[in-house]
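Asks: Could you look at this predicted model? Sequence included:
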Amino acid sequence: MMLRIVRYVAGDILRGRIILAYAGCLLVASLGLFNLGGDTTKALIGLLSLVLMIVPLVSVVFTTAHFYNTQEFVELLAAQPLPRATILLAQMIGVMLALTAALLAGIAVPVLLYACSATGLTLIAVALLLTAAFTALAFVAAVLARDKARGIGAALLIWFYFGLLHDGLTLYALFLLEDFPLEGISLTLLALNPIDLGRVLVLLQMDVSALMGYTGAMLKDLLGSGTGIGFAVLVLGSWIAAPVLAALWIFRRKDL
C-alpha cells in the first residue's frame, strides 16, 4: 500500500507545471553557466551558488504548499486502516522522488556532460542530500502548523536561517571565541548547517581551500581525508533522518 501511495504522490507532482518549470529553470541555468563562461571550474562554482540558494528554498516552499494542498487526501488516507507513519512517510518519499527527478534532469545531466569529475559528482550528491534534508524539515513545519500561511512562513524562516543568518552568527561566534582553539568550534558550527557543510565539501574537492585562508586550510585538514568526508556525509544524513523522525512523531499525535 505504501508503494502505491508513493507512486501516486510522485506521479501527481511530476505531471504538474511547477516541477516541470523547476527542472527547466535549473537546466537552462546549468547549460548557460557551462556554455557562457568556458571555464568548467568557474561554471561549477556558479552552479554551486545556485544549488545552495535555490534548491533548499524550492524544497521547503514546494513541500509545505504540497502538504496543505493535499490535506483532504491525507485525511482520506487517515480514515483508512493505515498507520499514520505509513501515510506521512509515503508522502515524504513521493515528494523527495519528484524533486530529485527534477534536480537530476536540471543539474545532473549538464554536469555529467560538461564536468563529469569528482567535483561534479560531489556537487550532484550535495544537491540531492540538501533536497532530502530540506524536504524533511519542511514536513516538520507543515505538521506543526495547522494554518497554511503559518506553515509556509515557518518553512521560509528555516531557509532564511540556514541560508543567510547562520553564517553571520557563525562569524560572530568565532570572533568572540578567537582566544580558544577554533578547530572543534568551527567543525561543530559547520555541522549545524547542512548548506555550509555541503558548500565546504564541494569547495574542498575543487582544491580552492587556499583561497579561504586559515579557515580553509583548517577545514581541509579536518574534512579533506576519507574519514572527514565520511563524517560530513553522516552529518548530512542525520539532517535527513532527524527531521523525518520528528515529523513522524508529531504526525502520529496530531489531531486531524
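Replies: Good, I have the coordinates.
Asks: how close does Ile45 get to Ala108?
Replies: Distance of Ile45 to Ala108, given as Cβ to Cβ, to the nearest Å: 17 Å. C-betas here are computed from N, CA, C, even on glycine.
Asks: sorry, that was for Leu77
Replies: 32 Å.
Asks: Same question for Leu82.
Replies: 34 Å.
Asks: try Phe231
Replies: According to Cβ to Cβ, Phe231 and Ala108 sit 25 Å apart.
Asks: Looking at these two, which is more packed in?
Replies: Set side by side, Phe231 and Ala108 show more neighbours around Ala108, with 21 against 16, by other Cβ atoms under 10 Å.
Asks: isn't the more buried one right up against Leu123?
Replies: No. Look at Ala108 against Leu123 with Cβ atoms under 8 Å: they stay out of range, at 9.1 Å.
Asks: Next one: Ala23 from Val95, what distance?
Replies: Distance, Ala23 to Val95, by Cβ to Cβ: 15 Å.
Asks: cool, and Leu174?
Replies: As judged by Cβ to Cβ, Leu174 and Val95 stand 36 Å apart.
Asks: Show me what the strand or helix carrying Ala142 is packed against.
Replies: Here Ala142 sits within helix 118-144, counting by DSSP states H and E. Counting contacts by 3 or more Cβ pairs under 8 Å, 6 or more residues apart in numbering; DSSP states H and E, helix 118-144 packs against helix 40-69, helix 84-103, helix 109-114, helix 148-160, helix 194-205, helix 226-253.
Asks: Now render those as JSON lines, adding mean pLDDT.
Replies: Putting these into JSON lines (pLDDT from 0 to 100) gives the following:
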{"stretch": "helix 40-69", "mean pLDDT": "91"}
{"stretch": "helix 84-103", "mean pLDDT": "93"}
{"stretch": "helix 109-114", "mean pLDDT": "90"}
{"stretch": "helix 148-160", "mean pLDDT": "91"}
{"stretch": "helix 194-205", "mean pLDDT": "85"}
{"stretch": "helix 226-253", "mean pLDDT": "87"}
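Asks: Kindly reformat the ones you listed as a markdown table containing distance to His166.
Replies: Below are those laid out as a markdown table (distance: least, Cβ to Cβ, whole Å):
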| stretch | distance to His166 |
| --- | --- |
| helix 40-69 | 12 |
| helix 84-103 | 22 |
| helix 109-114 | 26 |
| helix 148-160 | 9 |
| helix 194-205 | 7 |
| helix 226-253 | 13 |
